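Asks: With the sequence up front, the predicted model follows.
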Amino acid sequence: MLGRIVIFLVDNIAAFFVILLLLRFHFQWLRAGFRNPVGEFIIAATNWVVRPARRVIPGLAGLDLATLVAAWLLQAAALWIITAVAGSELGAAAIAALAFVQLLRYSIYILMFAVFIQVVLSWVNPHTPVAPVLDAVTGPFLRPLRRLVPPVGRVDLSPFVLFLLLGVLLFPLEELARASAHL
């Protein structure tokens, strides 16, 4: 029972910080503003790991690699602890690959969550202060779909199509996770 509690705590605490680091990476990559309550929280909650990492890991072509590598290392450390507590034996290559697949999955979940929140807020309060951030995060993915999927009765179906595509993309990632667990 104690092992299951440790696994639960490590998995959830690591996932929380990994998602925050991924949000920080995606916000910078997609040029979403940090001058809002969500962005300020992300900066405050991740500076403890990003600032030291930036001294060692430089950016590349405008991408904040320090944040991405920190997320990957944190996810890999969590997987290592979980497998050690569970009594499983995964090699370093399997843990590294599984951590990378987890980052991809979390990124898809972040995008799905942003699309969902954006759709709900468009019905409830389209002028919310978080709307520009959500537009910056979802816009690069929704714009191409909006050219392909016309509105039906003034209802934009592109978020629904993106949701379906992202859901389908999760299936091969699950297979990759299973395959990397057997390395």
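Replies: Received, thanks. Residues are numbered from 1 along each chain as shown.
Asks: need the contact list for the residue nearest to residue 90 when sequence neighbours are not counted.
Replies: In this structure, residue 90 finds its nearest non-sequential neighbour in residue 83, 4.8 Å apart by CB to CB, 6 or more residues apart in numbering. C-beta: built from backbone N, CA, C; applies to glycine. By CB atoms under 8 Å, 6 or more residues apart in numbering, residue 83 lies in contact with 89, 90, 95.
Asks: Residue 80 versus the last one, what's the distance?
Replies: I take that to be residue 95. 5 Å (CB to CB, to the nearest Å).
Asks: Between the two, tell me which one has more neighbours.
Replies: residue 95 (21 against 17; other CB atoms under 10 Å).
Asks: got a pLDDT number for that one?
Replies: You'll see residue 95 listed with a pLDDT of 92.
Asks: wait, doesn't it sit right on residue 79?
Replies: Yes: with contact defined as CB atoms under 8 Å, residue 95 counts as touching residue 79 (5.0 Å).
Asks: Wait, residue 97 touches residue 180, no?
Replies: Yes: the pair residue 97 / residue 180 is scored as a contact, 3.6 Å apart, by CB under 8 Å.
Asks: what residues are up against the residue nearest the centre of the chain?
Replies: Among the residues of the chain, the one closest to the centroid is residue 107, at 2.8 Å (CA atoms, centre = their mean). Residues near residue 107 by CB under 8 Å, 6+ apart: 22, 26.
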